[in-house]
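Undergrad: Build me a model:
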Amino acid sequence: MQEIQPKNRRSSPGSGPHRRQPGQGMSREARATTPAWLWIPASLALLFCAGPVAALLLNVPWTSLGPLLAAPEARTALGLSLATSVGSTLICVALGLPLAVLFSKLAGPWMQLLRGVLLVPLVLSPVVSGIALLYFWGRQGLAGQVLESAGVGLGYSPAAVVIVQVFVSLPFFVVASLSSLRGVDHDLEMAAATSGAGPTAILRYITVPLALPGIVVGALLAFARSLGEYGATITFAGSIEGRTRTLPLQIELSLNSNQPEIALGICLILISLYLVLLVIARFGMALLLPR
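TA: Numbering: from 1, shown residues only. Presented below is the predicted three-dimensional model:
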């Protein structure tokens, strides 16, 4: 019998001898389909992002960095920033996760309107955000008057800092979590429902675990945003050492006090914290995502 020769299969894109291997540069296919002129605007984009950070690092007084970071004002601002950022992130998770779940389940014009309301803090300028918070949470504000009558004052306190941070960070958490929640397989949830599981059990054992990577990313984004908040904080909470003066406010004060070395040292603290967050996000996602 004549031997049947198998037909040559057409190699799919990204496969075959020209597929890019880890650690290599652009593959043959990438070079053939990527215009060379893209390197010009791409390089400018990287320069815009990396250039200022490199200039900052070049001007850090590395030889006297230890005493600068050990200064009482720097340690106080660091402790306050970490405490308020952790607190505001926990509040964002506690309030934002139920909101993100509802957004992922419900539809209609009212839900679209509510999503738009949620995104308002993302586009407001910091000063406008601070004034809005002042007219709502301040002593003469809508909610502030009720709290003042109950003997609860928020002005110029760490609680005011947390309120500011929640206001500006909550949208980041909800948006990141919502994207992950929408990716949960609806058939799995319905299979659990038809098997007798209640809505709370489905949310606890199916929806949240499957959406956990996005929820963690949202929490990290909220923490990072809280850590760097400046404009709304100084407008609403003021700048009082040990109570409302966070790291960004301490940087501004050091610059205005003609102490650029302290400002640069605190900038380095913030950059280090952001790098830690990036590392946590990178390895955390590797552990949470299915292999």
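Undergrad: just the helices in the stretch 101-250 of the chain please.
TA: 109-123, 126-137, 142-149, 158-181, 186-194, 199-202, 208-227, 231-236, 247-256 (DSSP state H, counting those that start in this stretch).
Undergrad: now for these, which one comes closest to G51?
TA: Evaluated over the helices of the stretch 101-250 of the chain, closeness to G51 peaks at helix 247-256, with 19.5 Å, by C-beta to C-beta. Glycine gets a C-beta too; all of them are placed from N, C-alpha and C.
Undergrad: chain center to the closest one, what's the gap?
TA: For helix 247-256, the separation from the chain centroid amounts to 22 Å (computed by C-alpha atoms, centre = their mean, to the nearest Å).
Undergrad: same deal with stretch 68-79?
TA: 24 Å.
Undergrad: Pull out the C-alpha coordinates of it and format them as CSV.
TA: Provided in CSV are the C-alpha atoms of stretch 68-79 (Å, rounded to 0.1, in the frame of the first residue of the first chain):
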residue,chain,number,x,y,z
LEU,A,68,17.6,62.7,57.6
LEU,A,69,15.4,59.6,57.7
ALA,A,70,15.8,59.4,61.4
ALA,A,71,14.6,62.9,62.0
PRO,A,72,11.6,63.0,64.3
GLU,A,73,9.4,64.8,61.8
ALA,A,74,10.1,62.2,59.1
ARG,A,75,9.4,59.3,61.4
THR,A,76,6.2,60.9,62.7
ALA,A,77,4.9,61.6,59.2
LEU,A,78,5.8,58.1,58.1
GLY,A,79,3.9,56.5,61.0
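Undergrad: Just the residues contacting that stretch, thanks.
TA: For stretch 68-79, contacts defined as C-beta atoms under 8 Å, 6 or more residues apart in numbering pick out 61, 241-242, 245-247, 249-250, 261-262, 264-266, 268-269.
Undergrad: follow-up on the earlier one: now the helices of the stretch 101-250 of the chain in CSV, with distance to F48?
TA: Below are the helices of the stretch 101-250 of the chain laid out as CSV (distance: least, C-beta to C-beta, whole Å):
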stretch, distance to F48
helix 109-123, 21
helix 126-137, 21
helix 142-149, 41
helix 158-181, 22
helix 186-194, 41
helix 199-202, 46
helix 208-227, 20
helix 231-236, 22
helix 247-256, 21
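Undergrad: right, and those helices - which one's nearest T33?
TA: Per C-beta to C-beta, nearest to T33 of the helices of the stretch 101-250 of the chain: helix 158-181, 28.2 Å.
Undergrad: Can I get the helices of the stretch 101-250 of the chain in CSV including mean pLDDT and mean neighbour count?
TA: Below are those laid out as CSV (pLDDT from 0 to 100; neighbours: other C-beta atoms under 10 Å):
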stretch, mean pLDDT, mean neighbour count
helix 109-123, 91, 12
helix 126-137, 92, 18
helix 142-149, 88, 13
helix 158-181, 94, 24
helix 186-194, 92, 13
helix 199-202, 93, 12
helix 208-227, 93, 21
helix 231-236, 91, 23
helix 247-256, 92, 20
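Undergrad: so which of those gets nearest A54?
TA: Across the helices of the stretch 101-250 of the chain, A54 has its closest neighbour in helix 247-256 (18.3 Å, C-beta to C-beta).
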